[in-house]
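Chemist: Quick one, structure for this:
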Amino acid sequence: MTDAAYYRPVPSPLTGRWQLAGGWTRFSQFELLARGRPPRIVDTAPDEVMHALTAPRAPVLGLSMDQPRLMGIVNATPDSFSDGGAYQPLNQARALLDQGAEILDIGGESTRPGAAELSQAEEIARILPVISAMAAQAPISADTRKAGVARAALSAGAGMINDVSGFDFDPDLPPLVAKAGVPVCLMHAQGLPETMQDDPRYGDVLLDVYDALAARVDRAVAAGIARDRIVIDPGIGFGKTSAHNLAILRRISLFHGLGCPVLLGVSRKRFIGTIGGAEIAADRGPGTLALTIEAVAQGIQIHRVHDAAMIRQGLRMWGALQENGAKQE
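Modeler: Below is the predicted model of the structure:
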């Protein structure tokens, strides 16, 4: 797709002509992007682009997408990069809800750089007690790339699947999700966790990731999954250098062009520590908040976080400063 043109909505929250994705921010102009050419600002876009950018997004797990939503991370793992083994998962799930998380994302397999694959049986054993205990308390997303684990999680009360491989890992997962009729998050990753950070390369990382996610969405639709049940995630830190991550984050509003809600997972990522001078993952909260607020300003709907209370407070203050503000319940 070397000759393709891409239209990124340029947020103009107070004065924009059009509402972005039925959400809290607006836009009047576009940044026209193409491989091998400098970006330029234009005032118009094709009708299909306008429809994708302005159409309200369907609710996810019963939550409207007209305000930023927080997804709390529950790692039922001993080896996650940030907090593996640091807490009892069920206690953490309850704490995140108390802090303002609206969705719990429960995972049993670490996908940090260098992580090895876990057996399905062990992954299921880690997550099922937490899902079963919390399913009546909050919407549950199961963070897994495996059909067997997803089947068990859905039976235990999960209502969404979050696949970090974007359906690249297990060919049995798309038909399972389609049959279940549940929403799914398709993330972009270059390579497997074991090797994804060895030497990631792109021609144009922003446009390459956009095209890859477009292909994943098309594949999911072809498998029988309704487009309005698909969430996308550009996969910050998954087969990407710090420069790649920053290039995506600077222009993340481009991904609204896929017509799906966008999920962002930057919480405590290594590049925040590298740039911000925080070696310990738990000290990367301020950098996480800065990136989250910038993404909210670009209309990103779902934010996967470790520190729900801090992010909620920051978003409330940001929303209070906006005349047409991002609501925070």
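
Chemist: in the stretch 101-250 of the chain, which spans are strands?
Modeler: 103-107, 140-143, 160-163, 184-187, 230-233 (DSSP state E, counting those that start in this stretch).

Chemist: I'd like the mean pLDDT over stretch 271-287, please.
Modeler: Averaged over stretch 271-287, pLDDT sits at 96.

Chemist: Buried residues, that stretch. List them.
Modeler: Neighbour counts over stretch 271-287 (16 or more other Cβ atoms under 10 Å) mark 271, 272, 273, 278, 281, 284, 285, 287 as buried. The way it works is simple: take the backbone N, C-alpha and C, and place the C-beta from them, glycine included.

Chemist: returning to what we had before: burial-wise, tell me which of the strands of the stretch 101-250 of the chain comes out on top.
Modeler: Greatest average neighbour count among the strands of the stretch 101-250 of the chain goes to strand 140-143 (a mean of 29), per mean count of other Cβ atoms under 10 Å.

Chemist: What is the distance between that one and the centre of its chain?
Modeler: 12 Å (Cα atoms, centre = their mean, to the nearest Å).

Chemist: Show me what it is in contact with.
Modeler: 61, 71, 103-109, 127, 131, 134, 149-150, 153-154, 157-162, 164, 185 (Cβ atoms under 8 Å, 6 or more residues apart in numbering).

Chemist: what do you get if the cut-off is 7 Å, keeping everything else the same?
Modeler: 71, 103-107, 127, 131, 134, 150, 153, 157-162 (Cβ atoms under 7 Å, 6 or more residues apart in numbering).

Chemist: do stretch 299-315 as well
Modeler: So stretch 299-315 is contacted by 11, 20-21, 23, 25, 57, 60, 65, 68-73, 82-83, 96, 99-101, 105, 231, 252-253, 256, 261-265, 267-268, 285, 288-289, 292-293, 296, 326, 328 (Cβ under 7 Å, 6+ apart).

Chemist: Strands - which of the residues you listed land there?
Modeler: Counting by DSSP state E, the part of these found in strands is 11, 69, 70, 71, 72, 73, 105, 231, 263, 264.

Chemist: Among the residues you listed, pick out the one closest to residue 173, please.
Modeler: residue 231 (14.9 Å; Cβ to Cβ).

Chemist: ok, and the closest non-adjacent residue to that closest one?
Modeler: Spatial nearest neighbour of residue 231, excluding adjacent residues (Cβ to Cβ, 6 or more residues apart in numbering): residue 185 at 4.2 Å.

Chemist: Give the buried residues for stretch 300-319.
Modeler: For stretch 300-319, by 16+ other Cβ under 10 Å, it's 300-308, 310-312, 314-315, 318-319.

Chemist: next one: it to chain centre, how far?
Modeler: The chain centre lies 14 Å from the centre of stretch 300-319; the measure is Cα atoms, centre = their mean.

Chemist: and the nearest residue in space to residue 127 that is not next to it in sequence, how many neighbours?
Modeler: Spatial nearest neighbour of residue 127, chain neighbours left out: residue 108 (4.1 Å); criterion: Cβ to Cβ, 6+ apart. Counted by other Cβ atoms under 10 Å, the residues lying close to residue 108 total 25.

Chemist: what about residue 108, distance to residue 132?
Modeler: 13 Å (Cβ to Cβ, to the nearest Å).

Chemist: can you check residue 162 too?
Modeler: Taking Cβ to Cβ as the measure, residue 162 falls 18 Å from residue 132.

Chemist: With residue 54 instead?
Modeler: The value you get for residue 54 to residue 132, if Cβ to Cβ is used, is 40 Å.

Chemist: Residue 185 now?
Modeler: 21 Å.

Chemist: what does residue 13 give?
Modeler: Residue 13 is 42 Å from residue 132, by Cβ to Cβ.

Chemist: now swap in residue 202 and tell me
Modeler: 41 Å.

Chemist: Repeat that for residue 274.
Modeler: On the measure of Cβ to Cβ, residue 274 and residue 132 end up 38 Å apart.

Chemist: At the geometric centre of this protein, which residue sits there?
Modeler: Nearest to the centroid of the C-alpha atoms of the chain, with distances taken as Cα atoms, centre = their mean, sits residue 263, at 2.4 Å.

Chemist: List the beta-bridge partners for it.
Modeler: residue 302 (DSSP bridges).

Chemist: shouldn't it be in contact with residue 184?
Modeler: No. Using Cβ atoms under 7 Å, residue 263 makes no contact with residue 184, being 10.8 Å away.
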